[in-house]
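*Asks:* output the structure for:
(one chain, ligands or ions: 1)
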Amino acid sequence: MTQDSNISSEENNTASTSSTEDMSSFASGIKTEDTETGSDTEFVLNDQIEERCPITYEAHRSDVSYGEFTHGTYYSTTCEMDRGYSILLPSDYSEDKKYPVLYLLHGIFGDEYSFSGDGSNKIKEIVGNMAADDLIQETIIVCPNMYAAKDPNQKPAFDNESCLPYDNFINDLVTDLMPHIESSYSVLTGRENTYLAGFSMGGRETIYITLKRPELFGYVCAISSAPGVVPTKDKFMTHDGQMAESEMRFAEDAVTPDVFIVCCGTRDSVVGTYPKQYHELLEANGADHIWYEITGADHDNNAIKGGLFNLFKQIAYEKSRN
Ligand code: FER
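*Replies:* Residues are numbered from 1 along each chain as shown. Here you go, the predicted structure:
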């Protein structure tokens, strides 16, 4: 599904940004009012993308009991140290049941608290309400620290070397975090029950991880993905790129996600039209995905809420057909 944006690709390099002083706007999006900004059209379960999360799914309902985030740690053989994650368990989490898992990746300068510390992204409400309406199974959401550095003194910054630990997260995720989650919680395993999503820098790594290990994740959503998957120069830095443009594809005969969403606001002041460029490269290289734009959204929670909602809606639709 393709909608054309009015923003020309040259604006990738020149889009104005909000203050770079407030690092949390990178980590989990530019702050929006903590009011319902979703759409109020009636919800119908079909395969259609909705630009914005319906109000009925982002709203706090008095008759739904929502999960709470807690914090855990695991030993990372990749980083040779203990590392933390936040985890949202369903409110009635029980070892007698098994749950699908969404790994949700934060933006640059973020950590495992970026999403759990920002109630305006409505993560708890969206997953809780969709499960309460029996659209999706109750789902565990894991928010890792995506900066997988061996050196505890290394810090993120807008240069290639400082970004390498983000690109190393694929190893920490697959070798260390996923086995830890699968052995510590009552989870359903396998690609059909394992989901991946990320915002901005987390969206960039979501694309990278999905292309490298497409067999691991059945359902994927890359929201407002940052530049640097392929070589480029934007207003922040010159990116070496994780791969050549011609390599933005799935390997021949790869088992690929059932759903791979790439989305972005039409007024994203941080990543501009890079997500659209990713969509165009994926399309040119024959990598199946869904592309959509959120009219009027910036690098913000409107993109995040809608992305999560659409990921779960696609999961709900796919599973309703089986
Ligand atoms: C960049 C532009 C944006 C970049 C990272 C970002 C590493 C990430 C933004 C975010 O995570 O919010 O050039 O380079």
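*Asks:* pLDDT weak spots in the chain?
*Replies:* When residues are selected by pLDDT under 70, those of the chain lie in 1-22, 33-36.
*Asks:* so where do the strands sit in it?
*Replies:* 68-76, 81-89, 101-105, 140-144, 194-199, 219-223, 232-233, 238-239, 259-265, 290-294 (DSSP state E).
*Asks:* which of those is buried the deepest?
*Replies:* Each of those was scored by mean neighbour count; the highest is strand 219-223, a mean of 29, by mean count of other CB atoms under 10 Å. For every residue, glycine as well, the C-beta is placed using N, CA and C.
*Asks:* on contacts alone, who are the packing partners of that strand?
*Replies:* strand 194-199, helix 201-212, strand 259-265, helix 301-320 (3 or more CB pairs under 8 Å, 6 or more residues apart in numbering; DSSP states H and E).
*Asks:* check whether the second one comes near the ligand.
*Replies:* Yes - among the residues of helix 201-212, residue 201 lie within reach of the ligand under CB under 6 Å from any ligand atom.
*Asks:* list the buried residues for that helix?
*Replies:* 201, 202, 203, 204, 205, 206, 207, 208, 209, 210, 211 (16 or more other CB atoms under 10 Å).
*Asks:* and for stretch 48-60?
*Replies:* Residues 49, 50, 51, 52, 53, 54, 56, 57, 58, 59 are the ones in stretch 48-60 that count as buried (16+ other CB under 10 Å).
*Asks:* can you pull the residues of the stretch 201-322 of the chain lying near the ligand?
*Replies:* Looking at the ligand, the residues of the stretch 201-322 of the chain close enough under CB under 6 Å from any ligand atom are 201, 226, 227, 228, 234, 236, 237, 270, 271.
*Asks:* gap between the last one and residue 307?
*Replies:* Distance from residue 271 to residue 307, counting by CB to CB, to the nearest Å: 13 Å.
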